[in-house]
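[1] Sequence and predicted structure, then a few things I'm wondering about:
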Amino acid sequence: MALDSLARCSLLEWDSSFFGFPIAQLSGETLSEPSGRAVLKWCKASSVRCLYFLADPNSAETAEWAHRLDFKFVDVRVELSLGVGAPNMPNVQEFALRAAQPSDITALQTIAREAHQDSRFFFDTNFPRARAEELFATWIVKDCEGRADKVFIAERKNSGPLGYITCNLSKDSQTGRISLVGVAAECRGRGLGKMLVSQALEWIRSAGAQKVLVVTQARNVAAQRLYQAAGFRTDSVKVWYHRWFEKPSL
Ligand SMILES: CC(C)(COP(=O)(O)OP(=O)(O)OC[C@H]1O[C@@H](n2cnc3c(N)ncnc32)[C@H](O)[C@@H]1OP(=O)(O)O)[C@@H](O)C(=O)NCCC(=O)NCCS
């Protein structure tokens, strides 16, 4: 079926395999009545059970048609960026930073399962909670196994990991990205997040990048304040919707 140029869907292989049912994403940030109806038809014909849609919040027509066509609002994605100067490394004596090692993975997974409950996969309770936890446990493992260019962990003497930050560089090394940050619940609010972000900025800057990007959720005030404290400023805001065709049995 032909969709107009503003609305195309593609099946997401990794997400479909991870959650165990067909998941697609709508590319294009706007929706009209005809494009919306064509998308729903395509999804039904393709047996899609969940469609992700990252929408332009400035389009009133999109919000109207997302609502009328039963898209579920799940998240506001906030992207921030920072021109990389010399980071100001806070010195919290209690904690030390180092590169992650394979022996850290189990402890990192435990933190990751709990830490990312502001994400759309927890907010949308159609995704089983255990799978949402596993998504972030899998994410940190994949980052440690090479998907991230660098993973730092924070620890107390002999404590094992208490927090992590994962970083990537663009192919030309001009732009860095902070991918996943998490601090163990019992250690939050003590400067660990700031230490991890400073370490990541130092690594990204020393690799030659001019700019660093990070994405968080509008509902995640702690993360926004963490990045703002390091000097990040908002670049863009987008709205995440999920359109369910058949809900998985929980
Ligand atoms: C976000 C997170 C990494 C911050 O780590 P942290 O060690 O608690 O943060 P710090 O103690 O270094 O504080 C950093 C800044 O954030 C602010 N902050 C931290 N927790 C906060 C909270 N619950 N509410 C409001 N602000 C908060 C602090 O006030 C501080 O800013 P300030 O010094 O200008 O006042 C931590 O809360 C966490 O792991 N959350 C769950 C995972 C997560 O949300 N990751 C980010 C996903 S994008």
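    In hand now; what should we look at?
[2] tell me the secondary structure for the closest residue to the ligand within the chain?
    Residue nearest to the ligand within the chain (CB to the nearest ligand atom): residue 193, separated by 2.4 Å. C-betas here are computed from N, CA, C, even on glycine. Assigned state for residue 193: helix (three-state reduction, DSSP: H, G, I helix; E, B strand; the rest coil).
[3] Burial check on the closest residue to it other than its chain neighbours, number of neighbours?
    Spatial nearest neighbour of residue 193, chain neighbours left out: residue 226 (4.7 Å); criterion: CB to CB, 6 or more residues apart in numbering. Residue 226 has 19 neighbours, counted by other CB atoms under 10 Å.
[4] residues in the protein within reach of the ligand, list them.
    115-116, 118, 181-183, 188-194, 216, 220-223, 225-226, 229 (CB under 6 Å from any ligand atom).
[5] Those residues in strands, which ones?
    Assigned to strands by DSSP state E, the following of those qualify: 181-183, 216.
[6] quick one: contacts of stretch 19-38?
    1-12, 15-16, 39, 43, 46-56, 59, 61-62, 65-66, 68-69, 71, 127, 131, 238, 246, 248 (CB atoms under 8 Å, 6 or more residues apart in numbering).
[7] Can you turn the buried part of those residues into a PyMOL selection?
    This is the PyMOL syntax for the buried subset of the contacts of stretch 19-38, where burial follows 16 or more other CB atoms under 10 Å:
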select buried, resi 3+6+7+8+9+12+15+16+39+43+48+49+50+51+52+53+55+56+59+62+65+66+69+71+127+238
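[8] Strands of the chain, residue ranges please.
    Using DSSP E, strands in the chain cover 8-11, 23-27, 50-55, 72-83, 96-99, 150-156, 160-169, 175-183, 211-217, 233-244.
[9] quick one: the last one to chain centroid distance?
    Per CA atoms, centre = their mean, to the nearest Å, the displacement of strand 233-244 from the mean C-alpha position of its chain is 11 Å.
[10] Can you name the residues in contact with it?
    Taking CB under 8 Å, 6+ apart as the rule, strand 233-244 contacts 29, 40, 43, 49-57, 63, 66, 69-82, 120, 124, 126, 213, 218.
[11] Quick check: buried residues in it?
    Quick answer for strand 233-244 (16+ other CB under 10 Å): 238-244.
[12] For those, name the two members farthest from one another.
    238 and 244 (19.9 Å; CB to CB).
[13] pLDDT weak spots in this protein?
    1-7, 86-91, 247-250 (pLDDT under 70).
[14] For residue 104, give me its contacts.
    144, 153, 160-161.
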